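Undergrad: Sequence and predicted structure below; questions after.
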Amino acid sequence: MATDRTYLLVDGNNVIHAWAELKDLHLRGKGLAHDRLKHLLGNYQDVSGVRVVLVFDGRRERIELEPLRDEHEIQVFYSDASHTADDIIERLSAKYAKHYRITVATNDMAEQNAVYSMGTEVISADGLRQLLENSQGVMDDWLNRYRRNGGKG
């Protein structure tokens, strides 16, 4: 590998439909589940240092990269009408797997097999949940130590 930089590519709609709490939010309003997943993944990125790329089936006229407000925000891609999130994830994996450590989070077995064959690691939606819960535990431990030490690292 050319660099230590690590990326997590997340199939957004796949994860939303795999997690009951996100699926419930999605049923109340599509944007609610998207925003919650972005928030959770942003926290993970902040704690872990892993760059997160979230990909949705957007059905827009062209592939669109959501503008980043600062370096701590995750990247979000929406597919265009002629592509799927899987297409974008496969294209990113094929292009960058030889240069970076990439993990793809999806429950789609065909997608897992495709990106694994390109050199990425794969985790399920439940594996992603565990990863996020572990990183939240690290953050909670740090905050507790910080508070106990009177605000000193």
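TA: Arrived safely.

Undergrad: At which residues are the strands of this structure located?
TA: Assigned by DSSP state E, the strands in the chain fall at 6-11, 51-60, 64-65, 75-80, 101-105, 121-123.

Undergrad: what lines up beside the first one in the sheet?
TA: Here strand 6-11 is paired, per DSSP bridges, with strand 51-60 (parallel), strand 101-105 (parallel).

Undergrad: Highest mean neighbour count out of the ones you listed?
TA: Greatest average neighbour count among the strands paired with strand 6-11 goes to strand 101-105 (a mean of 23), per mean count of other C-beta atoms under 10 Å. C-beta: built from backbone N, CA, C; applies to glycine.

Undergrad: what's it in contact with?
TA: Defining contact as C-beta atoms under 8 Å, 6 or more residues apart in numbering, one finds that strand 101-105 is touched by 1, 4-11, 15, 89, 92-93, 96, 111-112, 115, 119-125, 127-128.

Undergrad: just the CA coordinates of that strand, formatted as CSV?
TA: Backbone C-alpha positions of strand 101-105 (Å, rounded to 0.1, in the frame of the first residue of the first chain) are rendered in CSV as follows:
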residue,chain,number,x,y,z
ARG,A,101,-6.8,0.6,2.8
ILE,A,102,-10.5,0.5,2.1
THR,A,103,-13.3,-1.2,3.9
VAL,A,104,-16.8,-1.4,2.4
ALA,A,105,-19.8,-1.6,4.6
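
Undergrad: From the chain's centroid, how far away is that strand?
TA: How far strand 101-105 lies from its chain's middle: 9 Å, per C-alpha atoms, centre = their mean, to the nearest Å.

Undergrad: pLDDT on that strand, on average?
TA: Throughout strand 101-105, pLDDT has a mean value of 97.

Undergrad: now swap in stretch 23-43 and tell me
TA: Average pLDDT, stretch 23-43: 92.

Undergrad: May I see the buried residues of it?
TA: Neighbour-count burial for stretch 23-43, counted by 16 or more other C-beta atoms under 10 Å, picks out Leu25, His26, Ala33, His34, Arg36, Leu37, Lys38, Leu40, Leu41, Asn43.

Undergrad: Quick one: low-confidence residue ranges for this protein.
TA: Applying pLDDT under 70 to the predicted model, the residue ranges of the chain that meet it are 1-3, 59-72, 137-144, 146, 153.

Undergrad: again, 90 this time
TA: In the prediction, the chain carries residues with pLDDT under 90 at positions 1-5, 29-31, 46-47, 57-73, 77-83, 134-153.
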